[in-house]
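# got a structure for you, letters missing:
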């Protein structure tokens, strides 16, 4: 059963070494993410699953010990998802979203429950996301999720997806739903619109909604902003 969740954005810029001179601009987001992860630890889960968007190659489960790297963004930094079993074979590299999640757990010095990862294809339909979430919630008696995902990337002229007048309203709906743990509002997020607005968090958020069904969790909004024209939301559910 799901006992807690943390919702965090997943830009590599959260990592100070990647952001370099711009690192202070995301200090508030970074601190909020660490607070959300701290709330996960306080829930004493039996299993923590890091969930985030991925492409067709990276979608699916990633076991404890899977590795990710920030070398693709110019930083000589590797991370590991939880503790690798001694006999673990090298697996697929983590997608960016789970790599940032693994970095957050390392930054928070996670020493609690075993950690696994799940990358969700951004094309995954709403119903399939919810079903995947319900399956995750049954994995252990006490399950926690670290849900990585960004809102729209179209909030300003200089945003990665340029300016789209629909982006601010989409992000406002998503942030309200995440901050209040409104499962119906999360399920109602339009997958086609999310894709057009480059909102990669849509599928992981709807997976969270499925996992939280009947869990009775309350949400708390910790951060909301759109630096660099991308919507970032941090929330804690418990």
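Cool, the structure landed. In this text the structure is predicted, and so the values were computed from the model without any measurement. Numbering: from 1, shown residues only.
# Please make it C-alpha for all contacts and neighbour counts, starting now.
OK.
# Going by secondary structure, residue 186 is in what exactly?
Taking DSSP states H and E as the definition, residue 186 sits inside helix 183-187.
# repeat for residue 220
With DSSP H and E as criterion, residue 220 is part of strand 219-225.
# what's the average pLDDT for the helix holding residue 186?
In this model, helix 183-187 has a mean pLDDT of 98.
# Give the other helices and strands that the helix or strand following that helix contacts.
Using DSSP H and E, the helix or strand that follows helix 183-187 towards the C-terminus is helix 191-196. Applying 3 or more CA pairs under 8 Å, 6 or more residues apart in numbering; DSSP states H and E, we find helix 191-196 packed against helix 202-211.
# Which neighbouring elements make contact with the helix it packs on?
strand 47-54, strand 115-121, helix 126-137, strand 143-148, helix 183-187, helix 191-196.
# closest one to residue 28 among those?
For residue 28, the closest of these is strand 143-148, at 16.7 Å, according to CA to CA.
# distance of residue 25 from residue 99?
Distance from residue 25 to residue 99, counting by CA to CA, to the nearest Å: 21 Å.
# who has more neighbours, the two?
residue 99 (28 against 13; other CA atoms under 10 Å).
# What residue, apart from its backbone neighbours, is nearest that one spatially?
residue 68 (5.0 Å; CA to CA, 6 or more residues apart in numbering).
# wait, isn't that neighbour in contact with residue 91?
No - counting by CA atoms under 8 Å, residue 68 sits too far from residue 91 to count as a contact (10.4 Å).
# who's more crowded, these two?
Neighbours per residue (other CA under 10 Å) separate residue 68 from residue 91, with residue 68 holding more: 23 against 12.
# State the pLDDT value of that one.
In this prediction residue 68 is given a pLDDT of 97.
# Okay, and it sits in which element?
Judged by DSSP H and E, residue 68 forms part of strand 67-69.
# so what strands line up beside the next helix or strand along the chain from that strand?
Later in the chain than strand 67-69, the nearest helix or strand by DSSP H and E is strand 78-80. With DSSP bridges as the test, strand 78-80 is paired with strand 67-69 (antiparallel).
# Return the distance of the partner strand from the chain's centre.
Here strand 67-69 is found 16 Å from its chain centre; the criterion is CA atoms, centre = their mean, to the nearest Å.
# got it, and stretch 19-33?
17 Å.
# Contacts made by it with the rest, please.
6-8, 12-17, 104, 222-223, 234 (CA atoms under 8 Å, 6 or more residues apart in numbering).
# could those residues go into CSV alongside pLDDT?
As requested, the contacts of stretch 19-33 are exported to CSV (pLDDT from 0 to 100):
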residue, pLDDT
6, 98
7, 98
8, 98
12, 96
13, 94
14, 95
15, 96
16, 94
17, 93
104, 97
222, 98
223, 98
234, 98
